[in-house]
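Peer 1: need a 3D model of the sequence below.
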Amino acid sequence: MRSSLIKLPHSVIVKSSGLLPMHYTVHELAKEIDAVERTLRDWLSNSAPHLKDATGRIWIHGREFADWVNRVKKPGSKQKAMKENEGYCMHCRSHVEMLATSTRHIRGKLTMTSGTCSQCGRIIHRGGRTPTNSAPSQQGVPNHSHE
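Peer 2: Prediction:
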């Protein structure tokens with residue numbers, strides 16, 4: 001098994017960054033990162049850094065293991081942002097342009113945009129948020145400041 005086929009649980013990825021620069025036994029490391037010992041031993045046999053002393057005991061350096069986890073973990077998915085008039089059509093299974101859109105306020109900063117798929121004509125709903133930096137329009141509001 002190659003290191004590219006190793007699936008690391010999210011908890012291991014998160015907890016490995018807190019490992020100390022010291023040597024751990026398999027049992028100690030498994031307990032520290034909340035992993036099953038057998039799984040940890042499988043990772044060790046498939047490229048995870050470790051040492052064996054003269055008695056055959058396995059030692060794993062915390063920082064080296066954390067660095068290995070960072071090299072092996074899958075990179076985060078880089079989803080491109082959709083344009084204002086785009087949505088995801090569940091039927092077409094792709095990002096499509098929405099036609100005849102209407103946006104309505106749900107609650108707080110949440111909004112929902114509805115429209116029809118440009119490819120299959122089904123209704124698409126897309127959730128969103130109002131921009132945090134948008135201030136309410138001051139047009140037509142009289143200025144009552146006293147000088």
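
Peer 1: the protein: helices as residue ranges?
Peer 2: 10-16, 26-33, 37-45, 62-72 (DSSP state H).

Peer 1: out of those helices, which comes closest to residue 124?
Peer 2: Comparison of those against residue 124 by C-beta to C-beta identifies helix 10-16 as nearest, at 30.2 Å. In this view, the C-beta of every residue, glycine as well, is placed from N, C-alpha and C.

Peer 1: show me what counts as buried in that closest one.
Peer 2: 12-13, 15-16 (16 or more other C-beta atoms under 10 Å).

Peer 1: ok, how many other residues are close to residue 29?
Peer 2: 24 (other C-beta atoms under 10 Å).

Peer 1: again, but for residue 6
Peer 2: Using other C-beta under 10 Å, residue 6 is surrounded by 18 other residues.

Peer 1: could I get the contacting residues of it?
Peer 2: Residue 6 makes contacts with 43, 46-47, 72, as judged by C-beta atoms under 8 Å, 6 or more residues apart in numbering.

Peer 1: likewise for residue 112?
Peer 2: Contacts of residue 112 (C-beta under 8 Å, 6+ apart): 103-104, 106, 125-128.

Peer 1: neighbour-wise, which of the residues you listed leads?
Peer 2: That'd be residue 126 among these, by other C-beta under 10 Å, with 18 neighbours.

Peer 1: report the beta-bridge partners for that residue.
Peer 2: residue 113 (DSSP bridges).

Peer 1: my read is that it contacts residue 98, right?
Peer 2: Yes - taking C-beta atoms under 8 Å as the definition, residue 126 is a contact partner of residue 98 at 7.2 Å.

Peer 1: what do these two both touch?
Peer 2: With C-beta under 8 Å, 6+ apart, residue 126 and residue 98 have common neighbours 86-87, 113, 115.

Peer 1: ok, back up a step: of all the helices of the chain, which lies closest to residue 51?
Peer 2: helix 62-72 (9.5 Å).

Peer 1: residues making contact with that closest one?
Peer 2: 3-4, 6, 8, 12-13, 16-17, 19-24, 29, 47-49.

Peer 1: partners of the longest strand seen in the chain, with directions?
Peer 2: Longest strand in the chain by number of residues, with DSSP state E as the criterion: strand 94-107. Strand 94-107 pairs in its sheet with strand 86-89 (antiparallel), strand 110-117 (antiparallel), by DSSP bridges.
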